[in-house]
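Q: sequence first, then the predicted structure:
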Amino acid sequence: MILTLHSFWSRQGCLILQPYDMRMGAGTFHPATTLRALGPEPWKAAYVQPSRRPTDGRYGENPNRLQHYYQYQVILKPNPANLQELYLASLAAIGVDPLAHDIRFVEDDWESPTLGAWGLGWEVWCDGMEVTQFTYFQQIGGYDCKPVAGELTYGLERLAMYIQGVDRVYDLRFNDQGVSYGDVFLANEQELSKYNFEIADTEQLFTGFRHAEAEAVRCIEAGIPLAAYDQAIEASHLFNLLQARGVISVQERASYIGRVRDLAKGSCEAWIKKNEARWASDYAGWTV
Amino acid sequence: MTDFLLELRSEEIPARMQAGARADLEKLFRKELAAAGVEPGEVTVWSTPRRLALIARDLPAATQAVREETKGPAVGAPAQALEGFLRKAGLTQDQLEVRDLKGKPTYFAAVEKPGRAVSQVLAQAIPAIVRAFPWPKSMRWGAASITTESTRWVRPLSGIVAIFGEELVVCEAGGVESGYATLGHRFHHPGPITIGGAHDYADKLRACHVIVSHEERQDIVRMGAAEVATLGGLTLVEDEGLVVENAGLTEWPVPLLGRFDEAFLEVPPEVIQLTARVNQKYFVCEQGGKLANAFVCTANIEASDGGDAIVAGNRKVLAARLSDARFFWDTDRKTTLAEQAKKLERITFHEKLGTVADKVERVAKLARWLVEEGIVTSDIDNPRRPREGGDPASSLPLAAQQESGGPAFAGATREELADMAEQAARLCKADLVTEMVGEFPELQGLMGGYYARAEGLPEAVADAIRDHYKPVGQGDEVPTAPVTVAVSLADKLDTLFGFFAIDQAPTGSKDPYALRRAALGIVRTLQSNIVRLPFVRLVEQAYSTFAFNSERRWYLYHVRSSQSGRGFHPASAQVMFENRGAAFWLFDKLPSDDAFQVPYNDAQLEAFSTARFGALPIVERDLLDFFADRLKVQQREAGVRHDLIDAVFALGGEDDLVRLLARVHALQAFVGTEDGANLLAGYKRAANILKKEDWLGIEGEIARTGEEDPLAGVDDPDLAPVIAAKMAERHGAERNYTPEPAEQALVDALAVAAPRAEQAVAAEDFAGAMAALASLRAPIDAFFDSVTVNDADPAKRNARLALLDQFRAAVHNVADFSRIEG
């Protein structure tokens, strides 16, 4: 399935990238999306991104909720006029028949408070299950997207469940030799749910958060936005873990989100500062 | 006359925005046409997820030619004036007409504006409509979005069909050019289709699996869902919101019935229904009055396999959702509500009003107090007690009421009831920290009730936890069980008092904390349960509870900071205090450091705080005014004349809503009678005379001495004999003449009616009081007919004015008639 998507989007002119090697909540956090969505330069990329959502852990007991799963991410800037048709063609390519399955675009406006980003779009339903998030980015890091980028985030496990016709994610066949998704990941889900909810050392997490925050600030001052952004990703994940541990009160929550957003925004700002002169000279009429 | 078709096609429009978009499209279209002087015939608007369509019937081919005339200067006016006028009109002098205007020859410019082709008007109107469209949320898209000036639409705009008769209206908006082609169903008919005009639009789309009329799709969803349920031997739970939403999500709706694992039915039915509706937009079904393990989803295709794969897929999704719900249900029940309630310390109620745990503490005290004071009693839900209107329960047959009422309380002592009220209050917010309510906030209260029952708490406590938010809306039922009434009143009162105390009363249309709803909820609960609430005392109680609660927090903070060796620093304490919430407005009234060295006990603290709060009178006044306003609004909506409400409120001093309303209702009945109307006329006449004569009463002369305080001398021992003599003279002089018969008749009638009205009011027999007043009608009429008030003899004049004043006072026993209109 991944290979089919790679070859499909490669034919549409996308660069095929590799997963980013940091823990993050969604493929959107990958710098190839967040940072590249800013500025006037055309950009097309597709990649798989492992995603960690500590609070979604269910100790392996829910048929399709996982604290670690895989997203297939496509970003196209500016969005082509036929992006919906391209997306539906990609579904057909991996074997979803739109006359047997009910495909629907249901309003779901995307907002990431930790990235200071928002966009309008849909969650795409296949027989009532959300299989893809489809978004037209309007702002990232507090900056208007000029031009707008279209983002597709496929839930790979969920799509595979449709194609293979299984009810539980753990029953997915990983290969033709009898190895299931559960054989590979069930123990991870059980152990990491326990770790995320019960074991993780909260003092260390708080320390780590402060450390990442301080590093990000230093990197922004040093004019290295990509390095700063890495620290923002790290802080965001540590915040998610702290949430899962239930040690952040409601009032504090808003303040932590604000701190992560400041890091993400700061990185975006540094990224724009570093490039804006070149962008403005290459693209007449473009301004921040 | 020609018909016009407009279709604005876009990527999927959110279902919830379509109704508004249809209305906006019609409004903008009519506005553009009106500006060009074109009046369309019938206008129809339709929507699907992928298009907004408008058909306007009977448009003319061209707009009317218009002749515009402008008046210029008079003939013989200075040359500059004429030149200026010609320049502005763009004409030469020989093109002007000269006409006679009020005897003066005056220049007129007449410009003939020829009619415009309506197709041109439309070509300009369409881009203007797109630009002005007020979507609740809109976006930019595509290569054009390299500037923020690019066209905005709800989702990318992808096609415009604009056909006037059979002629294309050529226009462009958002980078899209108009044409004859549109698209049919996304999957059933992927290619373009060519539209001829308004006449074939709907039919051509229907042939391509698109039902363009939203109303027709709603009918299909509504009836189709009921039909598949019936075929499955079930009854559909109707939900018009879901009908509209599913019609807004589909171009070719096909309702399908599916089943889910029966084992999930152990989860409360409300949870199943909510997760099915909110997350998946499914209908649910019943069998034998109970929720069945079935759902109806609405597909957007005529599936090749008849829908089996779709139903199977949806069943899987619902199973995952229900599995989550069951996970929450099981997890939550492992912890008692009392244990959960401890976590409320982490949730801020309002930054200045402390945490939810603080609120719960206050509500528990208040609820207990309401019972202990005998305000809420065990027999309030006795169905035999008369109820005021507005309570739906009162229309139920007696048997049904008894069933829903509380025989359970018949034997409860006041102490037992107070214990239950306190217990329920302490637990009523605990479900806010449960997993289930975290996922479905709408279930607050309801889940608490379920969990309370599951851990074996008394039914009355579980019911109170479940229902204490009620009544939520106007149609919502009002609690009647005593424990519930106590908790519900206490909760709403604490909220009201708290927000008024921190100066967050609603203003204008802004009521972010829903205080009007809370006040109305209290009013309705008091009315329908005939709870006699001494309002001032209640507010005072809320106030002291509140003050005590804040004080103790402060005290504990101080003790903790002393114990931790950090010492006590007022400055840092203030910062802390503001952050922690609680009522910091109390801070500057706190004692010095030394005073806090004494470890107070609860009683001392309470006395201490109550003594030092300064804001009570203001809060109390504002809050009572607020309730009065709510009551007026409510009664006005119920058809009670507002002037009658004012007439009763104007008496002041009334803080018992039940009594107040009884009086208003009696008054409404009375002024509707002939006696009432005539008495009112007599009252007005008397009041006017008193006003005209500037009558200040028998002691008026003393009051008019011009002293700053006219009664300053009253208690002066030296003056006492003088005043006494003066008063004796006046009273003695009251009727040192032979009164006329009508005058004497009024004196006699008053002597009977006034005390009778007073007694009746004291006994809360307002109809009786009105009847007593009615007996004054004939004497007052006769008095005015035959007696001259303004007699030349000052003794007679004074006595008669005093008599009218007595009459007015007697009427005021019941209401301030001066506020009554007519």
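A: Nice, thanks for sending it over. Small disclaimer: the values here were computed from a predicted structure and weren't measured. Numbering: from 1, shown residues only, chains lettered A, B, ... in the order given.
Q: ramachandran angles for B:Ile310?
A: phi -70, psi -50 (degrees, to the nearest 10).
Q: how deep is it tucked in, by neighbour count?
A: Using other CB atoms under 10 Å in any protein chain shown, B:Ile310 has 24 neighbouring residues. Where C-beta positions appear, they are placed from N, C-alpha and C, glycine not excepted.
Q: what are the ranges of the strands in the stretch 51-200 of chain B?
A: Secondary structure of the stretch 51-200 of chain B (DSSP state E, counting those that start in this stretch): strands located at B:51-59, B:66-74, B:97-101, B:104-113, B:157-164, B:167-168, B:172-173, B:176-179, B:181-183, B:192-194.
Q: which strands border the fifth one, and is each parallel or antiparallel?
A: Sheet neighbours of strand B:157-164, with direction, are listed as strand B:2-10 (antiparallel), strand B:167-168 (antiparallel), strand B:176-179 (parallel) (DSSP bridges).
Q: and the last one, by the same measure?
A: Strand B:192-194 has its sheet partners listed here by DSSP bridges as strand B:181-183 (antiparallel).
Q: in the strand it pairs with, what's buried?
A: Buried residues in strand B:181-183, counting neighbours by 16 or more other CB atoms under 10 Å in any protein chain shown, are found at B:182-183.
Q: try stretch B:106-117
A: B:106-107, B:109, B:116.
Q: just those residues now: which is nearest chain A?
A: B:Arg116 (33.3 Å; CB to the nearest CB).
Q: residues touching that closest one, list them.
A: For B:Arg116, the contact set (CB atoms under 8 Å, 6 or more residues apart in numbering or on different chains) comprises B:36, B:62-63.
Q: and the residues you listed, which are buried?
A: Applying 16+ other CB under 10 Å to these, the neighbour count classes B:Thr63 as buried.
Q: ok, so of the contacts of B:Arg116, who is nearest B:Gly224?
A: Set against B:Gly224, the nearest of the contacts of B:Arg116 by CB to CB is B:Ala36 (43.1 Å).
Q: that closest one contacts B:Val121, doesn't it?
A: Yes: under the criterion of CB atoms under 8 Å, B:Ala36 lies in contact with B:Val121, with a separation of 4.4 Å.
Q: give me the common contacts of the two.
A: Residues touching both B:Ala36 and B:Val121 (CB under 8 Å, 6+ apart) are B:Thr63.
Q: please identify the buried residues of stretch A:181-191?
A: Of the residues in stretch A:181-191, those buried under the neighbour-count criterion (16+ other CB under 10 Å) are A:181-182, A:185-186, A:189.
Q: most widely separated two among those residues?
A: With distances taken as CB to CB, the most widely separated pair in the buried residues of stretch A:181-191 is A:Tyr181 and A:Glu189, at 10.1 Å.
Q: right, so of the strands of the stretch 51-200 of chain B, which gets closest to B:Lys290?
A: Nearest to B:Lys290 among those is strand B:51-59 (41.5 Å), distances taken as CB to CB.
Q: give me the contact list for the closest one.
A: Counting by CB under 8 Å, 6+ apart, strand B:51-59 makes contact with B:1-10, B:13, B:18, B:21-22, B:25-26, B:29, B:33, B:38, B:40-47, B:118, B:164, B:182, B:198, B:201, B:212, all of which sit outside it.
Q: relative to strand B:157-164, how tilted is it?
A: Regarding strand B:51-59 and strand B:157-164, their directions subtend 10 degrees when assessed with axes from the mean of the first three to the mean of the last three CA atoms, to 10 degrees.
Q: count of neighbours near B:Phe349?
A: Neighbour count for B:Phe349, taken as other CB under 10 Å: 19.
Q: for it, helix, strand, or coil?
A: strand (DSSP: H, G, I helix; E, B strand; the rest coil).
Q: which residues touch it?
A: B:Phe349 makes contacts with B:355-356, B:358-359, B:498, B:581, as judged by CB under 8 Å, 6+ apart.
Q: what parts of the stretch 201-350 of chain B come near chain A?
A: Residues of the stretch 201-350 of chain B found near chain A (CB under 8 Å from any CB of the partner chain) are B:249-250, B:280, B:282, B:297, B:299-301, B:303-305, B:309-310, B:312-314, B:316-320, B:323-324, B:327, B:346-348.
Q: out of those, list just those in strands.
A: The subset of those located in strands under the criterion DSSP state E comprises B:297, B:299, B:348.
Q: pLDDT score for the second one?
A: This means B:Ala299. Looking at B:Ala299, its pLDDT stands at 96.
Q: who's in contact with the residue in chain B that chain A sits nearest to?
A: Across chain B, the shortest distance to chain A (CB to the nearest CB) belongs to B:Gly313, at 2.6 Å. Counting by CB under 8 Å, 6+ apart, B:Gly313 makes contact with A:101-102, A:126-129, A:162.
Q: any idea what sits nearest the residue in the stretch 101-250 of chain A that chain B sits nearest to, other than its immediate chain neighbours?
A: The minimum distance from the stretch 101-250 of chain A to chain B, using CB to the nearest CB, falls at A:Asp127 (2.6 Å). Using CB to CB, 6 or more residues apart in numbering or on different chains and skipping residues adjacent in sequence, the residue nearest A:Asp127 is B:Gly313, 2.6 Å away.
Q: one more: A:Trp122?
A: Distances taken as CB to CB, 6+ apart put A:Phe105 closest to A:Trp122, at 4.0 Å, once the chain neighbours are dropped.
Q: re the thing from before, quick one: which of the buried residues of stretch A:181-191 is nearest A:Leu115?
A: Nearest to A:Leu115 among the buried residues of stretch A:181-191, counting by CB to CB, is A:Glu189 at 26.3 Å.
Q: sorry, back to before: please report how far the residue of chain B closest to chain A lies from B:Phe4.
A: Computed with CB to CB, to the nearest Å, the distance linking B:Gly313 and B:Phe4 is 42 Å.
Q: again with A:Trp125
A: Between A:Trp125 and B:Phe4 the distance is 36 Å, computed by CB to CB.
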